[in-house]
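Q: Make a model of this:
(one chain, ligands or ions: 2)
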Amino acid sequence: MDIHEYQAKKILSDFGINVPRGGIAYSPENAEYKARDIGGSRWVVKAQVHSGARGKAGGIILCNDALEVAQATDKLLGKKLVTNQTGPAGKIINRVYIEEATEIDKEIYLGLVFDRGSECIMVVASTAGGMSVEEISKEKPETIIRSKIEVAVGMQGFQAREIAFNLGIETDLISRTAEVIIGCYRAFSELDATMVEINPLVITKDKHVLALDCKMSFDNNALFRRNEVSELRDKSQENPSEVYASDRGLNYVGLDGNIGNIINGAGLAMASMDMIKLAGGEPANFLDVGGGATPEKIVKAFKLISSDEKVKVILVNIFAGINRCDWVAEGIVQALEKIDINMPLVIRLAGTNVEEGNKILKESKINYIQASTLEDAANKAVEALKQLEGK
Ligand code: GDP
Ligand code: MN
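A: Ligands and ions are numbered 1, 2, ... in the order given. Take a look at the predicted model:
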């Protein structure tokens, strides 16, 4: 799960890291008031969306008076910001963050991520702050400093000081910078983060170490024990279909094609995607209803798939191992009594009680195309699509 910059900065500040003074604004009038309240004479208006690279996309606006703050807010609020990380759909700007502007002397990149290979937390730092880590590794790889932290031992003071020293930080600011690095490590490990990135971490003209921007992501599997983090979720920044699905225990990923899929098990789902492609079609989604595939889940899966306007044909592919095809068939029949599907529907059942399952489907009123194997199902779905398109 991702959070907003202002939320991440609040966390940093709780871990003893200095951030510029700022406040969230919901309207231009409110933004102007906030700017005066924060004080100073220059401000930065920052779009709060779950994406980096906002600066290049026009989402970060430097303002020289409070009126400009109101204008910048007016320009950003309600707009979709398209960055090189959001995809063409962009992300809606529902809040802006107003901050006092900082006089920058030096910009540093500081990131913490998992290094699965070594089972450590990796600290990555560079003097080329402000650029994305991808750009740094392409254009200035020689500036990159890496330091592995053993999780069982935790980060040691000398490791943090060594990173600060290697960044060429002046002597007076070494311990302050080391404190920032340790603060990031503590936030990372104590909150079950998967990524903490401060870019840029700046040394100001008046010799303070400040986090000017921050991104954090958290381990979804640990959210149950991190109330203070899970409360920060902003669903407006996520794909609505994926939110609907994950709230209901379905694994859903939206794709660009037009064959909708309802499948039990991630492995079978992947194999089905491959078979659809092999048959010359394009999947509209990856939907794994899970091993259980209860009638309730199947109803929800049909609702989700049929609400997607891209979907022209639905393919149901269920392999019943622990489950039973007759139960699944009952579920499908029940689902289709509740929702109208006005498009071709291909159903392939396999595994335990397959004869009973197919019998239930055949004797029901539902209109569908029966398939026997995975290949047969993919071919029939693509065939149905071609007929629709009149080819
Ligand atoms: P990002 O583009 O989403 O990474 O957003 P950032 O918050 O990192 O802002 C982009 C860039 O704007 C930073 O790398 C800084 O160079 C610049 N910037 C942001 N805030 C300030 C500020 O208060 N003063 C100055 N001078 N530059 C700033
Ligand atoms: Mn940044």
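Q: going forward, measure contacts between C-alpha atoms and count neighbours the same way
A: Will do.
Q: Could you pull up phi and psi at the residue lying closest to Ala301 once chain neighbours are set aside?
A: Excluding the flanking residues, the one nearest Ala301 by C-alpha to C-alpha, 6 or more residues apart in numbering is Ile262, at 6.7 Å. Ile262 has phi and psi values of phi -130, psi 110 when expressed as degrees, to the nearest 10.
Q: Spit out the contact partners of Ile262.
A: Residues touching Ile262, when contacts are defined by C-alpha atoms under 8 Å, 6 or more residues apart in numbering, comprise Phe286, Leu287, Asp288, Val289, Ile298, Ala301, Phe302, Ile314, Leu315, Val316, Asn317, Ile318.
Q: I'd like to know which helix or strand in this structure has the lowest mean pLDDT.
A: Of all regular secondary-structure elements in the chain, judged by mean pLDDT, DSSP states H and E, the least confident is helix 240-247 with a mean of 85.
Q: And the next helix or strand past that helix?
A: Sequence order places strand 251-254 as the next helix or strand after helix 240-247, per DSSP states H and E.
Q: which helices and strands does that next one pack with?
A: Counting contacts by 3 or more C-alpha pairs under 8 Å, 6 or more residues apart in numbering; DSSP states H and E, strand 251-254 is packed against helix 240-247, strand 285-288.
Q: Please produce a markdown table containing the ones you listed, extended by mean neighbour count.
A: Formatted as a markdown table, the entries for the helices and strands packed on strand 251-254 read as follows, by neighbours: other C-alpha atoms under 10 Å:
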| stretch | mean neighbour count |
| --- | --- |
| helix 240-247 | 15 |
| strand 285-288 | 24 |
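Q: Can I get the ones you listed in TSV including distance to ligand 1?
A: Output for the helices and strands packed on strand 251-254, formatted as TSV (distance: least, C-alpha to the nearest ligand atom, whole Å):
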stretch	distance to ligand 1
helix 240-247	23
strand 285-288	29
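Q: Need the ones you listed in JSON lines (columns: distance to Asn30).
A: Compiled in JSON lines, these are given as follows (distance: least, C-alpha to C-alpha, whole Å):
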{"stretch": "helix 240-247", "distance to Asn30": "29"}
{"stretch": "strand 285-288", "distance to Asn30": "41"}
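Q: Can you check which of these gets nearest to Phe114?
A: Between Phe114 and the helices and strands packed on strand 251-254, the shortest separation by C-alpha to C-alpha is 24.2 Å, and it involves helix 240-247.
Q: got a list of contacts for the closest one?
A: Residues outside helix 240-247 that contact it (C-alpha under 8 Å, 6+ apart) are Lys235, Asn251, Tyr252, Val253, Gly254, Ala301, Leu304.
Q: Give me the buried entries from these.
A: Burial by neighbour count, judged by 16 or more other C-alpha atoms under 10 Å, picks out Asn251, Tyr252, Gly254, Ala301, Leu304 from the contacts of helix 240-247.
Q: Redo those residues as JSON lines? Include distance to ligand 1.
A: Conversion of those to JSON lines gives the following (distance: C-alpha to the nearest ligand atom, whole Å):
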{"residue": "Asn251", "distance to ligand 1": "29"}
{"residue": "Tyr252", "distance to ligand 1": "28"}
{"residue": "Gly254", "distance to ligand 1": "25"}
{"residue": "Ala301", "distance to ligand 1": "36"}
{"residue": "Leu304", "distance to ligand 1": "33"}
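Q: who in the chain is up against ligand 1?
A: Listed as neighbours of ligand 1 in the chain under the rule C-alpha under 6 Å from any ligand atom: 44, 52-55, 101-104, 130, 199-200, 212-213.
Q: Buried ones from these, can you make that a PyMOL selection?
A: With 16+ other C-alpha under 10 Å as the burial test, the buried ones among these are selected in PyMOL as follows:
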select buried, resi 44+52+53+54+101+102+104+130+199+200+212+213
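Q: which two in the residues of the chain next to ligand 1 are spaced the farthest apart?
A: Largest separation among these by C-alpha to C-alpha: Gly52 and Glu103, giving 21.3 Å.
Q: how about the helices in this protein?
A: Along the chain, counting by DSSP state H, helices occupy 5-14, 28-38, 66-76, 133-139, 157-166, 174-190, 227-230, 240-247, 266-278, 295-306, 325-338, 354-363, 374-388.
Q: Redo the ones you listed as TSV? Include distance to Thr204.
A: Conversion of the helices of the chain to TSV gives the following (distance: least, C-alpha to C-alpha, whole Å):
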stretch	distance to Thr204
helix 5-14	17
helix 28-38	18
helix 66-76	22
helix 133-139	21
helix 157-166	16
helix 174-190	12
helix 227-230	30
helix 240-247	40
helix 266-278	50
helix 295-306	50
helix 325-338	61
helix 354-363	70
helix 374-388	60
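Q: among the ones you listed, which is nearest Leu345?
A: Nearest of the helices of the chain to Leu345, taken as C-alpha to C-alpha: helix 374-388 at 7.7 Å.
Q: hang on, the earlier thing: in strands only, show me the residues of the chain next to ligand 1.
A: Among those, the members falling in strands are Val44, Ile104, Asn199, Pro200 (criterion: DSSP state E).
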